[in-house]
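**Student:** just to be clear, the model below is a prediction. Sequence and coordinates:
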Amino acid sequence: MKDKNSLPAASWMQQIRRFFQWTPDSSRLMSAFMAIIALILVVWWPLVEEYLSYFDARYSIWVQIDWLLIGIFLLMSILIMAGADLKADSWIVFVGLCGGLAIEGWGTQTHIWTYYTLERPPLWIIPAWPIASLSIDRLVRFWRVMDRGIPAHYYKILYWIVFPVFYFLMIPFVMPTLDKSLTLLALLSCALIILSPTDYTFAVQTFVAGSALGIFLEVWGTTRECWTYYTLETPPLFAVLAHGLAAVAFWRVSLIFKKLLKRYAAPTWVGRSPQPFPDD
């Protein structure tokens, strides 16, 4: 088998072009993405009006444009279109919606973070989770395309460093809410996920990709005061890394769902993750 390190530059470029190829499902996914944004703008128009009211005619429009938000939007748009496959992406969207609702419910109900609208949680933020999940999925795929054959045992070592460190950051951060059942459930769930790895390489790559995207999301959200953590940090390190753990949790849950459907439902309902992603 040819070593990936020995591939010529032309082969790397072919792999990159193949990764970013536009598929028929890319158009469908983009249409759905734009439809969701339009729906949010219509249903929550008062929030849009409030946002627009902050523009000051005395200053140049170019100074007041939120370039970070535009950059995040463009990046996610490009990523979710790359090699879209609705059969596989529907799983990511479904788990992202359910998981995002659970996470937002936990954080806002325990007041670990609070949205400026004081909703617990606001429904307009939930669609952001599957969109972020699709973006993380593409980031990991790109990583695996460009992977130069890092030995699997290195990922195993990284796993048992990174994930325990995250858990030890989580405990003091959620300490003020330890009397809440939702926090205890979150701690237990994270412990079970960490202690039962199924694929060290994929788990580490997913965690890193989720955390990398989380940096931009959390910086934007906390500095614009869209949401505020009880620590008033902009943002807390735990919040950034939590995006990585959430991505790993979503992947693990999707594996469980797929196994249940393979056992009790028709195989065509299950779908598959396009290579090089592990399905089990």
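**Tutor:** Perfect, I can see it now.

**Student:** nearest residue to Thr23 in space, please, no chain neighbours.
**Tutor:** Ala84 (5.3 Å; Cβ to Cβ, 6 or more residues apart in numbering). Heads up, the C-betas are built off the backbone N, CA and C, glycines and all.

**Student:** sec struct for the one you found, please.
**Tutor:** Judged by DSSP: H, G, I helix; E, B strand; the rest coil, the three-state class of Ala84 is coil.

**Student:** same deal with the one 10 residues further on?
**Tutor:** Judged by three-state DSSP, the three-state class of Phe94 is helix.

**Student:** quick one, what contacts the residue nearest to it when sequence neighbours are not counted?
**Tutor:** Using Cβ to Cβ, 6+ apart and skipping the chain neighbours, the partner closest in space to Phe94 is Pro130 (7.7 Å). Pro130 makes contacts with Ile92, Val93, Phe94, Val95, Gly96, Leu97, Gly100, as judged by Cβ atoms under 8 Å, 6 or more residues apart in numbering.

**Student:** ok, Pro130 to Phe55 distance?
**Tutor:** 30 Å (Cβ to Cβ, to the nearest Å).

**Student:** now Tyr167
**Tutor:** From Tyr167 across to Phe55, the span is 43 Å (Cβ to Cβ).

**Student:** likewise Trp91?
**Tutor:** Where Phe55 is concerned, Trp91 sits at a distance of 40 Å (Cβ to Cβ).

**Student:** ok, now Gly221?
**Tutor:** From Gly221 over to Phe55 (counting by Cβ to Cβ), the distance is 20 Å.

**Student:** now the phi/psi pair for Thr114, please.
**Tutor:** The phi and psi values for Thr114, taken as degrees, to the nearest 10, are phi -130, psi 130.

**Student:** share the number of residues neighbouring the closest residue to Lys156 other than its chain neighbours, please.
**Tutor:** Spatial nearest neighbour of Lys156, chain neighbours left out: Tyr200 (4.3 Å); criterion: Cβ to Cβ, 6+ apart. A total of 18 residues lie near Tyr200 under the criterion other Cβ atoms under 10 Å.

**Student:** hang on, Tyr200 packs against Ala152?
**Tutor:** Yes: counting by Cβ atoms under 8 Å, Tyr200 touches Ala152, with 6.7 Å between them.

**Student:** any idea where the strands of this structure begin and end?
**Tutor:** 113-115, 227-229 (DSSP state E).

**Student:** in TSV, list these along with mean neighbour count, mean pLDDT and distance to Leu188.
**Tutor:** As requested, the strands of the chain are exported to TSV (neighbours: other Cβ atoms under 10 Å; pLDDT from 0 to 100; distance: least, Cβ to Cβ, whole Å):
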stretch	mean neighbour count	mean pLDDT	distance to Leu188
strand 113-115	18	97	20
strand 227-229	19	97	22
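
**Student:** where in the stretch 51-200 of the chain is pLDDT low?
**Tutor:** Applying pLDDT under 70 to the stretch 51-200 of the chain flags the ranges 148.

**Student:** go with 80
**Tutor:** Applying pLDDT under 80 to the stretch 51-200 of the chain flags the ranges 145-149.

**Student:** distance check, the residue of the chain most remote from its centre against Gly96.
**Tutor:** In the chain, counting by Cα atoms, centre = their mean, Arg58 sits farthest out from the average C-alpha position, at 37.8 Å. Remark: distance between Arg58 and Gly96 (Cβ to Cβ) = 41 Å.

**Student:** helices of this protein, start to end?
**Tutor:** Taking DSSP state H as the criterion, the chain contains helices spanning 9-19, 24-43, 45-52, 61-64, 67-81, 86-109, 128-146, 152-174, 181-195, 200-223, 237-264.

**Student:** now distance to Tyr229 too, for the ones you listed, in TSV please.
**Tutor:** Below are these laid out as TSV (distance: least, Cβ to Cβ, whole Å):
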stretch	distance to Tyr229
helix 9-19	35
helix 24-43	23
helix 45-52	21
helix 61-64	26
helix 67-81	18
helix 86-109	9
helix 128-146	17
helix 152-174	9
helix 181-195	14
helix 200-223	7
helix 237-264	6
